[in-house]
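>>> My questions concern the predicted model and sequence given below.
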Protein chains: 2
Amino acid sequence: MIDLTRRRLLTGAATVGAVAAIGVDVSGATTGAAASAASKQAPGFYRYKVGSIEVTVVTDGIRDAPLGNIVRNASTEEVNAALAAAYLPRDKFPYVFNPCAIKTGSKLVMLDTGLGPEIYAQSKGQAGQAHANLEAAGIDRKAVDVVIISHFHADHINGLLNADGTPAFPNAEVMVPEPEWAYWMDDAKMSAAPEGLKSNFANVRRVFKPLGDRVTRYGDNKELVPGITSMFTFGHTPGHSSHIVTSGSEIVLFQADVSNHPALFVRHPDWHASFDMDPVMAEGVRRKVYDQLAADRMKVQGFHFPFPSNGYIEKDGRGYRFVPAQWNPVI
Amino acid sequence: MIDLTRRRLLTGAATVGAVAAIGVDVSGATTGAAASAASKQAPGFYRYKVGSIEVTVVTDGIRDAPLGNIVRNASTEEVNAALAAAYLPRDKFPYVFNPCAIKTGSKLVMLDTGLGPEIYAQSKGQAGQAHANLEAAGIDRKAVDVVIISHFHADHINGLLNADGTPAFPNAEVMVPEPEWAYWMDDAKMSAAPEGLKSNFANVRRVFKPLGDRVTRYGDNKELVPGITSMFTFGHTPGHSSHIVTSGSEIVLFQADVSNHPALFVRHPDWHASFDMDPVMAEGVRRKVYDQLAADRMKVQGFHFPFPSNGYIEKDGRGYRFVPAQWNPVI
């Protein structure tokens, strides 16, 4: 009865594999391919409360990238071992993107915007899903009062525009970190930038131009709307900001890019990502933030954490571990 | 700038708390309560592939129960420590329920059915959600060819019926483990059963009576439909069965109740649940199955694991750890 031996299971799989190899699919899926082509993933949103504030995580999807030199100070072998430890495929870096809509009661806020509709078409729906998922969540972009931007990388700002270049949140004030604006709008810095960085300067200007005077700039430790406060966490970019959301006795840190995928940079806080502009500063911030989150058992929302991307950071060996919060089937 | 001290964050939260206490909600939620009352959680389904087979996890929701004597051989203090380690509230046991629909190509199969519509009304939508979530996933109960039942507890079989007692899957064959049927349909065993168990004997008879000769019984290690094979895992009940789903080179173990919530019984495989009828046998099965899953890095789908309840089991200290698979925003 209790006969779960390695041989038995492997034989099971091997038999199926062998049969499939000679052209007969034992799952009977000869007719299934057409039938399941019609199936879609569940809408990519998830809601939770922070006191009386309602958060809707709205996934923008995933893009896999070749590993390349994404980690500056670890070997491909080490990175593949970290991916394997998280049950992820080797040789690919999964860029996961999760903007959020935050309903504070008085204000409907977007926190970052995703890659935008252009990437949705390019990636055949793998990424750039945020506008569609907002709609699935019943959130009208015209009703958004404020868009808060953490920093000026394309996966955070490109969703500010529609495919035709008009504002995607037509009635929203767009709040950006003052030092981020100062850096990317500095013509001297653009001229002095290495080739690879110049395209981001250009993209920033392309995105913000149509927004004109809707854009306002914020400082550190400012309450941007009731319940949402900026907390500058430089390193990833020169003006990168995280955000603290509080209501009643509850508090969640929206960490933006304090780290990217947890399988790599939470487990290995000393790994330096190629997209961290000052990786040493980024590591220092990461350790400071994660030591604090772990000590306080405080909830964190991570833009690049697997959807629905909220949970807890705990210490584990020389690094940390991200523990997803339990999915709540009601709000 | 990098000013994430314990004091700062706690002061932030404390201030908000204090202000809320005197009746002013700084989140500005005076108008928000009404607005967010209209918000709903995302539909509770999630899809993934096993080779060419398509699995749709369809959550039935969560019911919190008082801890009581749910763990026979651990103190309330120890159980609360395990809940805290998983960032779950103390003094409550979260019963999580996740039936699955499985499209093999030739057959549309339900694997267990949830608590049914009666509990949906009683719990005000917290549980008994499976029928509604099937509909949200675009799955017509009339199109289900086969319902496979793992064992005869209410959270697995009550969804076989509509509120009016008619079959909820009107065109389906209902496949049940032979030894489970033999046990619960045995009048002598019912008479000899302690009072607490008698109600389950009665419920089993109530549920299966309207199904008549739609019910067929299966043995161990039988391919029930192409790609889905039974694997008896007794202990939780006398005829409890798990199921192996394979297609191509892929394989997933649908473990049913080999353990209940991972925060308690995966972390502490030696803990004996009050609802395991033979807890010593159940522990033996659990260890055997989890040693195997860990050694093979094989995916598992757990009926009582937090939605979407699929991932991996790895060894950790004297017990194991459940690692959720990364959410895929496309299938």
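Noted; the coordinates are in hand.

>>> make it CA atoms for all contacts and neighbour counts henceforth
Will do.

>>> A:Asp291 in helix, strand or coil?
Under the three-state scheme (DSSP: H, G, I helix; E, B strand; the rest coil), A:Asp291 adopts helix.

>>> what pLDDT does whichever residue of the stretch 51-200 of chain A sits closest to chain B get?
When scored by Cα to the nearest Cα, the stretch 51-200 of chain A has A:Gly105 as its residue closest to chain B, at 3.5 Å. With respect to pLDDT, A:Gly105 scores 88.

>>> Then it would be within a helix, right?
No - using three-state DSSP, the assignment for A:Gly105 is coil, not a helix.

>>> okay, now it: neighbour count?
23 (other Cα atoms under 10 Å in any protein chain shown).

>>> thought it was touching A:Ile53?
Yes - with contact defined as Cα atoms under 8 Å, A:Gly105 reaches A:Ile53; the gap is 6.8 Å.

>>> Show me where chain A dips below the pLDDT cut-off.
For chain A, the stretches flagged by pLDDT under 70 are A:1-38.

>>> Okay, the residue of the stretch 51-200 of chain A closest to chain B and A:Leu253: tell me how far apart.
A:Gly105 sits 19 Å away from A:Leu253, going by Cα to Cα, to the nearest Å.

>>> How about A:Pro262?
A:Pro262 is 15 Å from A:Leu253, by Cα to Cα.

>>> interface residues of the stretch 201-331 of chain A facing chain B?
Where the stretch 201-331 of chain A comes near chain B, counting by Cα under 8 Å from any Cα of the partner chain, the residues are A:220, A:226-227, A:231-234, A:246-251, A:285, A:288-289, A:292, A:296, A:306-308, A:312, A:323, A:325-331.

>>> Equivalent analysis for the stretch 51-200 of chain A, please.
Taking Cα under 8 Å from any Cα as the contact definition, the stretch 51-200 of chain A meets chain B at A:52-54, A:59, A:61-62, A:86-88, A:103-106, A:125-126, A:137.

>>> Identify the farthest-apart pair in these.
Across those, the longest distance by Cα to Cα is 41.8 Å; it joins A:Tyr87 and A:Ser106.

>>> Let's see which of the residues of the stretch 51-200 of chain A next to chain B end up in strands.
Within these, membership in strands is found for A:53-54, A:61-62, A:103, as judged by DSSP state E.

>>> List just the nearest of those to A:Arg47.
Nearest to A:Arg47 among those, counting by Cα to Cα, is A:Glu54 at 7.0 Å.

>>> Quick check: beta-bridge partners of the closest residue to the closest one other than its chain neighbours?
What sits nearest to A:Glu54 in space, not counting adjacent residues and going by Cα to Cα, 6 or more residues apart in numbering or on different chains, is A:Lys103, at 5.1 Å. A:Lys103 forms beta bridges with A:Glu54, A:Leu108, as assigned by DSSP bridges.

>>> and A:Lys103, how many neighbours?
Neighbour count of A:Lys103, defined by other Cα under 10 Å: 24.

>>> before we move on, what about A:Arg318?
By other Cα under 10 Å, neighbour count at A:Arg318 equals 9.

>>> Can you pull the phi and psi angles for the spatially closest residue to it that is not a sequence neighbour?
Setting aside the residues directly before and after it, A:Arg318 is nearest to A:His268 in space (Cα to Cα, 6+ apart), at 7.7 Å. Torsion angles at A:His268 (phi, psi; degrees, to the nearest 10) stand at phi -130, psi 80.

>>> thought A:His268 was touching A:Phe322?
No - A:His268 is beyond contact range of A:Phe322, at 11.4 Å (criterion: Cα under 8 Å).

>>> Going through the residues of the stretch 51-200 of chain A next to chain B, which ones are buried?
Buried members of those, counted by 16 or more other Cα atoms under 10 Å in any protein chain shown: A:52-54, A:59, A:61-62, A:86-88, A:103-106, A:125-126, A:137.

>>> all strands for the stretch 51-200 of chain A, in order.
Using DSSP state E, counting those that start in this stretch, the strands assigned to the stretch 51-200 of chain A run over residues A:53-58, A:61-66, A:92-97, A:100-103, A:108-111, A:146-148, A:173-177.

>>> Tell me what angle the first one forms with strand A:92-97.
Relative orientation of strand A:53-58 and strand A:92-97, computed by axes from the mean of the first three to the mean of the last three Cα atoms, to 10 degrees: 140 degrees.

>>> who touches strand A:53-58?
A:44-49, A:98-105, A:130, A:133-134, A:137, A:227, A:246-247, A:308-309, B:27, B:29, B:36 (Cα atoms under 8 Å, 6 or more residues apart in numbering or on different chains).

>>> Show the buried residues in the residues you listed.
Among the contacts of strand A:53-58, the ones that count as buried by 16+ other Cα under 10 Å are A:44-49, A:98-105, A:130, A:133-134, A:137, A:227, A:246-247, A:308-309, B:27, B:29, B:36.

>>> can you pull out the helices in the stretch 51-200 of chain A?
Secondary structure of the stretch 51-200 of chain A (DSSP state H, counting those that start in this stretch): helices at A:76-85, A:117-122, A:130-136, A:154-157, A:178-184, A:187-192, A:195-208.
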